[in-house]
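Trainee: Test case, fold it:
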Amino acid sequence: MKILVGLISLIAVLLVALAGPLYKFSIIELATAFTGFKFGVFAGIAALILLAIQLLFKRNTASIGSALISAVLAITAIAIPLSMMNTAKNVPPIHDISTDLVNPPAFVAIAPLRADAPNPVAYDGIETAEQQRTAYPDLQTLRYDQTQPELIAATKQAIENLGWELVNIDADKGIVEATDTTAWFGFKDDVVVRVTDNENERLVDIRSKSRIGGSDLGKNAARVHKLIDELDSILAK
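Mentor: Just a heads-up that it's a prediction; the model follows:
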(Lines give C-alpha, C1' and ligand atoms only; values in the text may rest on other atoms or scores of the structure.)
Protein backbone atom coordinates (compact mmCIF):
# COMPACT_ATOMS: atom_id res chain seq x y z
CA MET A 1 0.00 0.00 0.00
CA LYS A 2 2.79 2.40 0.92
CA ILE A 3 4.57 1.77 -2.38
CA LEU A 4 1.35 2.25 -4.36
CA VAL A 5 0.54 5.57 -2.65
CA GLY A 6 4.09 6.81 -3.17
CA LEU A 7 4.11 5.76 -6.83
CA ILE A 8 0.79 7.47 -7.63
CA SER A 9 1.90 10.63 -5.80
CA LEU A 10 5.14 10.67 -7.81
CA ILE A 11 3.29 10.13 -11.09
CA ALA A 12 0.90 12.96 -10.20
CA VAL A 13 3.61 15.52 -9.59
CA LEU A 14 5.59 14.40 -12.67
CA LEU A 15 2.52 14.81 -14.88
CA VAL A 16 2.31 18.43 -13.75
CA ALA A 17 6.01 19.31 -13.44
CA LEU A 18 7.12 17.79 -16.75
CA ALA A 19 4.27 19.24 -18.82
CA GLY A 20 6.11 22.53 -19.30
CA PRO A 21 9.57 21.18 -20.23
CA LEU A 22 8.12 18.55 -22.55
CA TYR A 23 6.20 21.26 -24.41
CA LYS A 24 9.13 23.67 -24.28
CA PHE A 25 11.38 21.19 -26.08
CA SER A 26 8.66 20.29 -28.63
CA ILE A 27 8.20 16.74 -27.35
CA ILE A 28 4.46 17.16 -26.83
CA GLU A 29 1.79 19.60 -28.00
CA LEU A 30 0.35 22.28 -25.71
CA ALA A 31 -3.02 20.52 -25.53
CA THR A 32 -1.26 17.35 -24.39
CA ALA A 33 0.63 19.32 -21.74
CA PHE A 34 -2.62 20.69 -20.33
CA THR A 35 -4.12 17.19 -20.43
CA GLY A 36 -1.16 16.13 -18.30
CA PHE A 37 -2.18 18.85 -15.83
CA LYS A 38 -5.68 17.41 -15.64
CA PHE A 39 -4.54 13.84 -15.07
CA GLY A 40 -1.95 15.08 -12.59
CA VAL A 41 -4.75 16.58 -10.50
CA PHE A 42 -6.78 13.37 -10.74
CA ALA A 43 -3.76 11.29 -9.75
CA GLY A 44 -3.01 13.64 -6.86
CA ILE A 45 -6.55 13.32 -5.55
CA ALA A 46 -6.40 9.52 -5.92
CA ALA A 47 -3.11 9.46 -4.00
CA LEU A 48 -4.59 11.48 -1.12
CA ILE A 49 -7.64 9.20 -0.95
CA LEU A 50 -5.43 6.09 -0.86
CA LEU A 51 -3.21 7.74 1.75
CA ALA A 52 -6.24 8.48 3.92
CA ILE A 53 -7.41 4.86 3.58
CA GLN A 54 -3.95 3.64 4.48
CA LEU A 55 -3.74 5.84 7.58
CA LEU A 56 -7.25 4.90 8.73
CA PHE A 57 -7.31 1.18 8.07
CA LYS A 58 -3.71 0.04 7.48
CA ARG A 59 -1.75 2.32 9.76
CA ASN A 60 0.86 -0.35 10.42
CA THR A 61 1.91 -0.23 6.74
CA ALA A 62 2.57 3.51 6.83
CA SER A 63 5.49 5.52 8.14
CA ILE A 64 5.48 9.22 8.97
CA GLY A 65 8.21 9.94 6.45
CA SER A 66 6.64 8.15 3.49
CA ALA A 67 3.17 9.51 4.29
CA LEU A 68 4.48 13.07 4.49
CA ILE A 69 6.40 12.80 1.23
CA SER A 70 3.40 11.28 -0.57
CA ALA A 71 1.10 14.00 0.79
CA VAL A 72 3.45 16.80 -0.27
CA LEU A 73 3.81 15.39 -3.79
CA ALA A 74 0.07 14.86 -4.21
CA ILE A 75 -0.86 18.29 -2.83
CA THR A 76 1.73 19.95 -5.07
CA ALA A 77 0.30 18.19 -8.13
CA ILE A 78 -3.16 19.46 -7.22
CA ALA A 79 -2.19 22.95 -6.06
CA ILE A 80 -0.23 24.14 -9.10
CA PRO A 81 -3.00 23.66 -11.72
CA LEU A 82 -5.69 24.91 -9.32
CA SER A 83 -3.61 28.00 -8.56
CA MET A 84 -3.30 28.73 -12.27
CA MET A 85 -7.05 28.27 -12.72
CA ASN A 86 -7.72 30.63 -9.82
CA THR A 87 -5.39 33.23 -11.34
CA ALA A 88 -7.16 32.91 -14.68
CA LYS A 89 -10.47 33.69 -12.97
CA ASN A 90 -9.08 36.86 -11.38
CA VAL A 91 -7.45 38.47 -14.43
CA PRO A 92 -9.01 39.41 -17.79
CA PRO A 93 -8.66 36.79 -20.58
CA ILE A 94 -6.34 39.01 -22.64
CA HIS A 95 -2.74 38.71 -23.78
CA ASP A 96 -1.90 42.13 -25.26
CA ILE A 97 -0.99 44.89 -22.78
CA SER A 98 0.01 48.45 -23.64
CA THR A 99 0.51 51.70 -21.75
CA ASP A 100 -0.99 53.48 -24.77
CA LEU A 101 -4.38 52.01 -25.61
CA VAL A 102 -5.20 54.51 -28.35
CA ASN A 103 -2.00 54.19 -30.36
CA PRO A 104 -0.12 51.13 -29.04
CA PRO A 105 3.57 50.80 -30.01
CA ALA A 106 3.87 48.61 -33.09
CA PHE A 107 6.16 45.61 -33.46
CA VAL A 108 8.57 46.09 -36.35
CA ALA A 109 11.56 43.74 -36.31
CA ILE A 110 9.61 41.27 -34.19
CA ALA A 111 6.69 41.13 -36.65
CA PRO A 112 8.35 38.53 -38.94
CA LEU A 113 9.21 36.42 -35.88
CA ARG A 114 5.51 36.20 -35.07
CA ALA A 115 4.47 35.22 -38.60
CA ASP A 116 3.43 31.71 -37.54
CA ALA A 117 2.23 32.66 -34.06
CA PRO A 118 -1.45 31.96 -33.22
CA ASN A 119 -1.79 35.49 -31.84
CA PRO A 120 -1.42 38.06 -34.65
CA VAL A 121 1.00 40.97 -34.37
CA ALA A 122 -1.79 43.58 -34.63
CA TYR A 123 -3.24 45.10 -31.47
CA ASP A 124 -6.27 43.22 -30.20
CA GLY A 125 -8.61 46.21 -30.26
CA ILE A 126 -11.22 48.07 -28.23
CA GLU A 127 -12.51 45.13 -26.19
CA THR A 128 -8.99 44.31 -24.98
CA ALA A 129 -8.36 47.98 -24.19
CA GLU A 130 -11.53 48.18 -22.10
CA GLN A 131 -10.64 45.06 -20.14
CA GLN A 132 -7.15 46.39 -19.50
CA ARG A 133 -8.45 49.75 -18.25
CA THR A 134 -10.55 47.92 -15.69
CA ALA A 135 -7.91 45.42 -14.57
CA TYR A 136 -4.74 47.51 -14.81
CA PRO A 137 -5.70 51.20 -14.58
CA ASP A 138 -2.20 52.17 -13.44
CA LEU A 139 -0.58 51.17 -16.73
CA GLN A 140 -0.34 54.47 -18.57
CA THR A 141 2.17 56.41 -20.65
CA LEU A 142 5.34 57.23 -18.71
CA ARG A 143 6.86 60.72 -18.68
CA TYR A 144 10.57 61.42 -18.24
CA ASP A 145 12.90 64.42 -18.34
CA GLN A 146 15.83 62.47 -19.79
CA THR A 147 16.73 62.70 -23.46
CA GLN A 148 15.61 60.11 -25.98
CA PRO A 149 19.13 58.62 -26.35
CA GLU A 150 19.40 58.34 -22.55
CA LEU A 151 16.04 56.56 -22.34
CA ILE A 152 16.91 54.23 -25.21
CA ALA A 153 20.18 53.32 -23.49
CA ALA A 154 18.41 52.81 -20.15
CA THR A 155 15.77 50.63 -21.79
CA LYS A 156 18.47 48.50 -23.41
CA GLN A 157 20.18 48.11 -20.04
CA ALA A 158 16.89 47.23 -18.33
CA ILE A 159 16.14 44.53 -20.90
CA GLU A 160 19.60 43.05 -20.46
CA ASN A 161 19.27 43.15 -16.66
CA LEU A 162 15.97 41.26 -16.90
CA GLY A 163 17.53 38.58 -19.08
CA TRP A 164 15.33 39.16 -22.11
CA GLU A 165 16.52 38.75 -25.69
CA LEU A 166 17.20 42.13 -27.30
CA VAL A 167 15.82 41.95 -30.85
CA ASN A 168 16.07 45.46 -32.25
CA ILE A 169 17.02 49.05 -31.44
CA ASP A 170 15.99 51.84 -33.81
CA ALA A 171 17.38 54.97 -32.17
CA ASP A 172 16.00 57.26 -34.90
CA LYS A 173 12.43 56.08 -34.31
CA GLY A 174 12.92 55.62 -30.57
CA ILE A 175 12.03 51.92 -30.71
CA VAL A 176 13.43 49.02 -28.68
CA GLU A 177 12.14 45.47 -29.15
CA ALA A 178 12.78 42.35 -27.10
CA THR A 179 11.50 38.83 -26.43
CA ASP A 180 11.02 37.22 -23.04
CA THR A 181 10.94 33.41 -22.94
CA THR A 182 9.16 31.97 -19.91
CA ALA A 183 11.14 29.47 -17.88
CA TRP A 184 8.64 26.63 -17.41
CA PHE A 185 6.79 26.31 -20.72
CA GLY A 186 9.16 28.35 -22.88
CA PHE A 187 6.38 30.65 -24.09
CA LYS A 188 7.74 33.58 -26.10
CA ASP A 189 6.20 36.96 -25.27
CA ASP A 190 7.29 40.06 -27.16
CA VAL A 191 7.94 43.57 -25.86
CA VAL A 192 8.25 46.87 -27.69
CA VAL A 193 9.21 50.19 -26.08
CA ARG A 194 8.56 53.51 -27.84
CA VAL A 195 10.21 56.78 -26.80
CA THR A 196 8.82 60.01 -28.29
CA ASP A 197 9.46 63.71 -27.73
CA ASN A 198 6.72 65.87 -26.25
CA GLU A 199 8.08 69.41 -25.92
CA ASN A 200 10.16 69.43 -22.70
CA GLU A 201 9.57 65.79 -21.76
CA ARG A 202 9.80 62.36 -23.25
CA LEU A 203 6.87 59.94 -23.45
CA VAL A 204 7.63 56.23 -23.00
CA ASP A 205 5.12 53.55 -23.93
CA ILE A 206 5.54 49.83 -23.41
CA ARG A 207 3.63 46.98 -24.98
CA SER A 208 3.88 43.27 -24.16
CA LYS A 209 2.08 40.55 -26.11
CA SER A 210 2.03 36.75 -25.98
CA ARG A 211 2.56 34.76 -29.15
CA ILE A 212 0.25 31.98 -28.01
CA GLY A 213 -2.70 31.60 -25.66
CA GLY A 214 -5.94 33.46 -24.99
CA SER A 215 -5.34 34.45 -21.37
CA ASP A 216 -1.83 35.30 -20.20
CA LEU A 217 -2.66 34.83 -16.49
CA GLY A 218 -1.56 38.43 -15.93
CA LYS A 219 2.00 37.79 -17.16
CA ASN A 220 2.15 40.63 -19.70
CA ALA A 221 0.97 43.25 -17.22
CA ALA A 222 3.48 41.92 -14.69
CA ARG A 223 6.19 42.10 -17.35
CA VAL A 224 5.39 45.74 -18.14
CA HIS A 225 5.48 46.58 -14.43
CA LYS A 226 8.80 44.77 -14.09
CA LEU A 227 10.33 46.73 -16.99
CA ILE A 228 9.06 50.02 -15.58
CA ASP A 229 10.57 49.24 -12.17
CA GLU A 230 13.90 48.26 -13.73
CA LEU A 231 13.94 51.34 -15.95
CA ASP A 232 13.17 53.66 -13.02
CA SER A 233 15.88 51.98 -10.96
CA ILE A 234 18.46 52.60 -13.69
CA LEU A 235 17.42 56.22 -14.25
CA ALA A 236 17.51 56.93 -10.51
CA LYS A 237 21.24 56.14 -10.31
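Trainee: Excluding residues flanking it in the chain, which one is nearest Lys226?
Mentor: Nearest-residue entry for Lys226: Leu162, 6.5 Å, with adjacent residues in sequence omitted and distances by Cβ to Cβ, 6 or more residues apart in numbering. No exception for glycine: its C-beta is placed from N, CA and C like everyone else's.
Trainee: Report the contact partners of the one you found.
Mentor: By Cβ atoms under 8 Å, 6 or more residues apart in numbering, the residues touching Leu162 are 180, 226-227, 230.
Trainee: cool, and Gln148?
Mentor: Residues near Gln148 by Cβ under 8 Å, 6+ apart: 171, 174, 195-197, 202.
Trainee: Over to Ala67?
Mentor: Neighbour list for Ala67: 5, 51, 54-55 [criterion: Cβ under 8 Å, 6+ apart].
Trainee: Tell me the spacing between it and Gly163.
Mentor: Distance, Ala67 to Gly163, by Cβ to Cβ, to the nearest Å: 40 Å.
Trainee: can you give me the helices for this structure?
Mentor: All helices of the chain, identified by DSSP state H, fall at 2-17, 19-24, 30-57, 64-90, 126-135, 148-162, 219-236.
Trainee: Put together a markdown table for those helices, with distance to Phe185 and mean pLDDT on each row.
Mentor: Shown next, in a markdown table, are those (distance: least, Cβ to Cβ, whole Å; pLDDT from 0 to 100):
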| stretch | distance to Phe185 | mean pLDDT |
| --- | --- | --- |
| helix 2-17 | 12 | 94 |
| helix 19-24 | 4 | 96 |
| helix 30-57 | 7 | 94 |
| helix 64-90 | 11 | 94 |
| helix 126-135 | 22 | 97 |
| helix 148-162 | 18 | 98 |
| helix 219-236 | 11 | 97 |
